[in-house]
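Asks: just the structure for this:
(one chain, ligands or ions: 1)
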Amino acid sequence: MNEDKKDIRALSLNELEAYFSSIGEKPFRAKQVYEWLWNKNAHSLSEMTSLSKSLREKLEEDFAINPSEIHIIQKSKDGTIKNAVKLYDGNVVESVMIPTSKRTTACVSSQVGCSLDCTFCATARLVRIRNLTVAEIVDQIVLMDKQSREYHQKPLSNIVFMGMGEPLLNYPAVTEAVRKITEDKGLGISPRRITVSTSGIPKMITKLADEDLRVKLALSLHSAIEEKRNLLMPFSRKFPLTEILKALQYWYSKTKSRITFEYIVWNGINDKKEDIDALVKFCKKVPSKVNLIQYNSIDKGDYLQASADIMNEYVSFLEKNGIVVKIRKSRGQDIDAACGQLANKS
Ligand code: SAH
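Replies: Residues are numbered from 1 along each chain as shown. The predicted structure follows:
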């Protein structure tokens, strides 16, 4: 770690060009360094062997690279790997690699802690300490790509921003990280295989729609009944479902990409016919599909996952109404790596 020197990865290509011209070097050097940083994921300035030794030394005088490191690895019996990733300043975030027979998905954090207050989520109990930088988001992906190659002999195929934090509250870094990892020469992951999951911030959904990033969008809905959703996710009082819906309709009009609603069904909370009816009605207002996600308990049972019968009722009503629905099985529960369980126990 080097705190007094600036991390060179905080510079844009333009800023790199300005730096090189300020030291009397040709602008193409900027491109070379940029490629080392973002396509070859160099973690030291000294490994940039296409630069002269003296230029590398000059860079080392002026800049540092502060890569994130895997601090603790936990392996689930289902193959899921939870990484506690240590950042240059000692903060830790969690990143989860989830293998299936066909693909490997990386679940990435966007913030240290979270400023939202979803009552059922472990991360919400932490305070939000800071946003991650572009480099810290990309580092998580590069680390898990290596893990996927090592353990499963294949590169990462999918990325979901469903780790710690609210990605749309770290908008500039998340969108820039997406650009970096989808660049042809970099990891080259297609944006269609990247999902940004949000708890629903209408203005930011609209902004993302205008961005032409071609990522997929998921909304953590959990209830289509306003008052109920506000109890589950108190911050959402500021963001009424009507506003969210408008933003989602705008999203679809711009991207033609269907929205995924993430939805947990709890005993005694959203397990009645009126809940299902409200969800069906909501889904009909914008092209969408539903992922019913298994609740991962985070404490001694304030919330309980609804029975299989209720889940099946949801599925059959949604399907009867022509809505695509899947029950998403939870992964990595034995190591607290599942959705909503990321809370830095390390
Ligand atoms: N802030 C973003 C991304 C992080 S949460 C968002 O809200 O979408 C990723 C997903 O995990 C969300 O759908 C969230 O609602 C869900 N989740 C949170 N706690 C959970 C829990 N205990 N069990 C199952 N899913 C949970």
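
Asks: show me which residues of the stretch 51-200 of the chain are close to the ligand?
Replies: 118, 120-121, 162, 166, 197-199 (C-beta under 6 Å from any ligand atom). Every C-beta, even on glycine, is put in place using the N, C-alpha and C of the backbone.

Asks: wait, doesn't C114 sit right on M164?
Replies: Yes. C114 lies in contact with M164 (C-beta atoms under 8 Å); the separation is 6.1 Å.

Asks: give me the common contacts of these two.
Replies: 123, 126 (C-beta atoms under 8 Å, 6 or more residues apart in numbering).

Asks: follow-up on the earlier one: in the residues of the stretch 51-200 of the chain next to the ligand, find the pair that's most separated.
Replies: Distance extremes for these: the farthest pair is F120 and T198 at 16.2 Å, using C-beta to C-beta.

Asks: and the residues of the stretch 51-200 of the chain next to the ligand, which of them are buried?
Replies: Among those, those classed as buried by 16 or more other C-beta atoms under 10 Å are 118, 120-121, 162, 166, 197-199.

Asks: where are the low-confidence patches of this protein?
Replies: The chain contains residues with pLDDT under 70 at 1-3, 184-186, 300-301, 340, 344-346.

Asks: residue boundaries of the helices in it?
Replies: Remark: helices assigned in the chain by DSSP state H are 13-22, 28-38, 53-62, 134-152, 171-182, 202-209, 226-232, 241-255, 273-283, 308-320.

Asks: could you measure from G113 over to the ligand?
Replies: Distance from G113 to the ligand, counting by C-beta to the nearest ligand atom, to the nearest Å: 11 Å.

Asks: just give the closest residue to that residue, not the sequence neighbours.
Replies: Closest residue in space to G113, ignoring its immediate chain neighbours: L126 at 3.9 Å, by C-beta to C-beta, 6 or more residues apart in numbering.

Asks: ok, that neighbour touching A343?
Replies: Yes. Between L126 and A343 a contact is recorded at 6.3 Å, counting by C-beta under 8 Å.

Asks: can I get the helices of the chain in JSON lines including mean neighbour count?
Replies: Shown next, in JSON lines, are those (neighbours: other C-beta atoms under 10 Å):
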{"stretch": "helix 13-22", "mean neighbour count": "15"}
{"stretch": "helix 28-38", "mean neighbour count": "19"}
{"stretch": "helix 53-62", "mean neighbour count": "14"}
{"stretch": "helix 134-152", "mean neighbour count": "21"}
{"stretch": "helix 171-182", "mean neighbour count": "20"}
{"stretch": "helix 202-209", "mean neighbour count": "19"}
{"stretch": "helix 226-232", "mean neighbour count": "16"}
{"stretch": "helix 241-255", "mean neighbour count": "18"}
{"stretch": "helix 273-283", "mean neighbour count": "18"}
{"stretch": "helix 308-320", "mean neighbour count": "15"}
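
Asks: right, so of the ones you listed, which gets closest to D336?
Replies: Among the helices of the chain, helix 134-152 sits nearest to D336 (C-beta to C-beta), with 17.5 Å.

Asks: so what are the structural domains in the protein, by residue number?
Replies: The chain breaks down into these domains under automatic domain parsing: 6-64, 69-335.

Asks: hang on, the earlier thing: list just the nearest of the residues of the stretch 51-200 of the chain next to the ligand to S101.
Replies: M162 (20.8 Å).

Asks: wait, what's in contact with the closest one?
Replies: Neighbours of M162 in contact, by C-beta under 8 Å, 6+ apart: 107-108, 195, 197, 218, 339.

Asks: let's see if you can find the most crowded of the residues you listed.
Replies: Counting neighbours by other C-beta atoms under 10 Å, the top entry in the contacts of M162 is V108, with 30 neighbours.

Asks: hang on, that one packs against G163?
Replies: Yes. Contact criterion C-beta under 8 Å: V108 and G163 qualify, at 5.1 Å.

Asks: shared neighbours, the two?
Replies: Joint contacts of V108 and G163 (C-beta under 8 Å, 6+ apart) are 95, 140.

Asks: and I298, what does it touch?
Replies: Counting by C-beta under 8 Å, 6+ apart, I298 has contacts 120-122, 340-341, 343.

Asks: burial measure for the closest residue to K6 other than its chain neighbours, as a count.
Replies: Nearest non-adjacent residue to K6, counting by C-beta to C-beta, 6+ apart: F63, 5.7 Å away. If you count neighbours by other C-beta under 10 Å, F63 ends up with 19.

Asks: including distance to V85, could the contacts of M162 go into TSV?
Replies: Shown next, in TSV, are the contacts of M162 (distance: C-beta to C-beta, whole Å):
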residue	distance to V85
C107	12
V108	10
T195	20
S197	19
A218	22
C339	18
